[in-house]
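Chemist: next comes the sequence, and after it the predicted model I'd like to discuss.
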Amino acid sequence: MPHSPDNLPLALYNADQVRALDARLIAAGTPGFELMGRAAHAVWRALRRRWPDTGVVTVLAGRGNNAGDGYLVAALASRAGWQVKVLAVGDSAQLRGDAARARDEAQGAGVPIQAWSECAPLEGVVVDALLGTGLRGAVREPYAQVIRLLNASGAPVLAVDIPSGLCADSGRVLGVAVRAQLTLTLIGLKIGLFTGAAPDWVGELQFADLQADRQLVAEQDFIARRLAAGSLAWLPRRPCTVHKGQLGHVLVVGGERGMAGAALLAAQSALRGGAGLVSLATRGEHLAAAQARLPEVMGTAVASANQLLALGKAASVWVVGPGLGQGAWGRSLLSVAAIMPVPQVWDADALNLLVAGAVSLPAGCVITPHPGEAARLLGVGTAEVQADRPAAALELARRYRTVCVLKGAGTLVADPEGDLRLCDRGHPAMAGAGLGDVLAGLIGALLGQGLAPMAAASLAVWLHARAGEVLAGQGYGLAASDLCAAIRQLMQEQNG
Ligand SMILES: NC(=O)C1=CN([C@@H]2O[C@H](COP(=O)(O)OP(=O)(O)OC[C@H]3O[C@@H](n4cnc5c(N)ncnc54)[C@H](O)[C@@H]3O)[C@@H](O)[C@H]2O)[C@@H](O)CC1
Ligand SMILES: [K+]
């Protein structure tokens, strides 16, 4: 993703939480208009840094405090000698409170304020100050038409706080949204800037804390935390005397006929993720190829539940599902997994069989659905999952009493108690076959080395995404198996 440098804060808020934070700051003695002024200075600085030589600004202003920020930016631009105008959507005479004061300040600075009309030209850099965290429901007219024309104009856009039309809670486009080149968000990071459709609308993301009191910020509830290297539980350093028996024995179960590769990738990933031992329970036809490709992995042909039961007792972690299929073979193997009292990762067809009611999920699991699997697990459509990914991840974790990794851009990791992490790393090049199998194997390896399910899932998601970024950045085709070496490299850099 183009945004999310390492220096952004970790806490992610929904709209209500960020409003509560605004209110706390105001109650603690910083007037709202003072915050608005700081917001405007931050926007103006960001604008000049990004477009230093333009000299022309059009501010599109709505009727709330987001517009107030915009009016004050216009005042600053005018005082700096830039050519600036405000196009007011709706009647600017109806502005109230701080926003009205900001409008008056712009007027006092000589900024022309015109009522927006379809033929008003959008000149220079456009500051989107139409709608912020106060947006409720689908964008109404004439705002929707303003946004459509803005997007069609090709003008460079700096969005104030959040691109207008994007839901601050879910990143859903509420009918229509501004496509920004740069978004400067204020006081706290809204989760809607990172999830759902947001990565395609936000552009570069910058953050201004408006000098908010750190103690007050720390006391504010948040909905999720961003995954970042510094915030992750890393593997403990290995003692010199360590032996393979202490590093986990991961058993990968899968590879129905025609789907051998998925299980192999999971096994390879478990190996490269540092598991002491890796076993593979698969169809007999696949053994020779598996041994040739991964000689370190102990491959066993399993034809029945009893064979798997005998084999599986030696393993400390199970990774079940890659290429498992949904036939009788897969179902019988999964019924064994369901009674094993060890940490497990359930992926792919294991989840489809779970939906079909073939088995129930054992305790201590991590499930790793993509949006389609998540939708089936929740009994809703995929669009509904994508419309509010944080809510879907939390609901899956709660309903199945498990750690849930909801894959896709902005992968989320949730636990049943409501702890939610978001990964804003990764790359579109990762939308390919086998990437999920690598993630499942890596989570298994980290569980085997002693990390708790939430920590193992979070670290694996982050390593997987960072590895994808590193490889995509080198500009060659990304194959899932390439990722294993890059993940190993990242782990070495961190623990080395
Ligand atoms: N003191 C504060 O609370 C601060 C707020 N700030 C800014 O204020 C923003 C929040 O301000 P507000 O709460 O006034 O809200 P907004 O300015 O985001 O939006 C409120 C306006 O949008 C209209 N609206 C709501 N839903 C709509 C829809 N579906 N279609 C069309 N119009 C719709 C409302 O009628 C109202 O006029 C933040 O995003 C941020 O930019 C900053 O100035 C920093 C300080
Ligand atoms: K906006």
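Modeler: Thanks, I have the structure now. Ligands and ions are numbered 1, 2, ... in the order given.

Chemist: contact residues of this structure facing ligand 1?
Modeler: Neighbours of ligand 1 within the chain, by CB under 6 Å from any ligand atom: 22, 26, 32, 35-36, 39, 62-69, 131-140, 143, 160-161, 186. The C-beta positions use only the backbone N, C-alpha and C, and glycine is treated the same way.

Chemist: specify the local secondary structure of whatever residue of the stretch 201-350 of the chain ends up closest to ligand 1.
Modeler: Proximity of the stretch 201-350 of the chain to ligand 1 (CB to the nearest ligand atom) peaks at L210, 6.5 Å away. Following DSSP: H, G, I helix; E, B strand; the rest coil, the label given to L210 is coil.

Chemist: okay but it is in contact with I187, surely?
Modeler: Yes - checked against CB atoms under 8 Å, the pair L210 and I187 is within contact range at 5.3 Å.

Chemist: the more surrounded of these two?
Modeler: Neighbours per residue, other CB atoms under 10 Å: of L210 and I187, the larger number sits with I187, 24 against 19.

Chemist: what's the more buried one in contact with, if anything?
Modeler: For I187, the contacting residues are 18, 21-22, 25, 35, 208-210, 212, by CB atoms under 8 Å, 6 or more residues apart in numbering.

Chemist: before we move on, back to that, nearest spatial neighbour of the residue of the stretch 201-350 of the chain closest to ligand 1, skipping sequence neighbours?
Modeler: R38 (4.4 Å; CB to CB, 6 or more residues apart in numbering).

Chemist: I'd like the next helix or strand past the helix or strand where that neighbour lies.
Modeler: Following DSSP states H and E, one finds R38 within helix 32-50. Using DSSP H and E, the helix or strand that directly follows helix 32-50 along the chain is strand 56-61.

Chemist: mind giving me the packing neighbours of that following strand?
Modeler: Counting contacts by 3 or more CB pairs under 8 Å, 6 or more residues apart in numbering; DSSP states H and E, strand 56-61 packs against helix 65-79, strand 83-88, strand 125-129.

Chemist: and this protein, which residues reach ligand 2?
Modeler: Within the chain, the positions near ligand 2 by CB under 5 Å from the ion are 128, 159-160, 164.

Chemist: of all those, which two lie farthest apart?
Modeler: Farthest-apart pair in the residues of the chain next to ligand 2 is V160 and S164; separation 8.8 Å (CB to CB).

Chemist: quickly list what's touching both of the two.
Modeler: 66, 128, 132.

Chemist: count of neighbours near the last one?
Modeler: When you say that, I think you mean G132. Residues near G132, counting by other CB under 10 Å, number 28.

Chemist: contact partners for it?
Modeler: 64-66, 69, 160-162, 164, 168.

Chemist: in what helix or strand does it lie?
Modeler: Using DSSP H and E, G132 maps to neither a helix nor a strand.

Chemist: check the gap between the closest residue to L420 other than its chain neighbours and ligand 2 for me.
Modeler: Leaving aside its sequence neighbours, L420 sits nearest to A224 (CB to CB, 6+ apart; 3.9 Å). Applying CB to the ion, to the nearest Å, the value for A224 to ligand 2 is 22 Å.

Chemist: isn't A224 up against D424?
Modeler: No - in this structure A224 lies outside contact range of D424 using CB under 8 Å: 10.6 Å.

Chemist: run through the chain and note the low-pLDDT ranges.
Modeler: Applying pLDDT under 70 to the chain picks out residues 1-6, 474-476, 496.

Chemist: again, 50 this time
Modeler: Counting by pLDDT under 50, the chain shows low-confidence ranges at 1-4.

Chemist: okay, domains of it per the record?
Modeler: Domains of the chain are assigned by automatic domain parsing as 11-223, 230-495.

Chemist: what is the end-to-end distance of the longest one?
Modeler: Yep, that's domain 230-495 we're talking about. 12 Å (CA to CA, to the nearest Å).

Chemist: scan this structure for its longest helix.
Modeler: Secondary structure assigned by DSSP state H gives helix 453-473 as the longest helix of the chain.

Chemist: would you mind writing the CA trace of that helix as PDB?
Modeler: This file holds the C-alpha atoms of helix 453-473, laid out as PDB (Å, rounded to 0.1, in the frame of the first residue of the first chain):
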ATOM      1  CA  PRO A 453      -2.400 -17.800  18.900                       C
ATOM      2  CA  MET A 454      -3.000 -14.000  18.700                       C
ATOM      3  CA  ALA A 455       0.700 -13.200  18.700                       C
ATOM      4  CA  ALA A 456       1.500 -16.000  16.200                       C
ATOM      5  CA  ALA A 457      -1.200 -14.900  13.800                       C
ATOM      6  CA  SER A 458      -0.200 -11.200  14.100                       C
ATOM      7  CA  LEU A 459       3.500 -11.800  13.600                       C
ATOM      8  CA  ALA A 460       2.800 -14.100  10.700                       C
ATOM      9  CA  VAL A 461       0.500 -11.700   9.000                       C
ATOM     10  CA  TRP A 462       3.000  -8.900   9.300                       C
ATOM     11  CA  LEU A 463       6.000 -10.900   8.100                       C
ATOM     12  CA  HIS A 464       4.000 -12.300   5.200                       C
ATOM     13  CA  ALA A 465       2.900  -8.800   4.100                       C
ATOM     14  CA  ARG A 466       6.400  -7.200   4.500                       C
ATOM     15  CA  ALA A 467       7.900 -10.100   2.500                       C
ATOM     16  CA  GLY A 468       5.400  -9.400  -0.200                       C
ATOM     17  CA  GLU A 469       6.300  -5.700  -0.200                       C
ATOM     18  CA  VAL A 470      10.000  -6.500  -0.400                       C
ATOM     19  CA  LEU A 471       9.600  -8.900  -3.300                       C
ATOM     20  CA  ALA A 472       7.000  -6.800  -5.200                       C
ATOM     21  CA  GLY A 473       9.400  -3.800  -4.900                       C
END
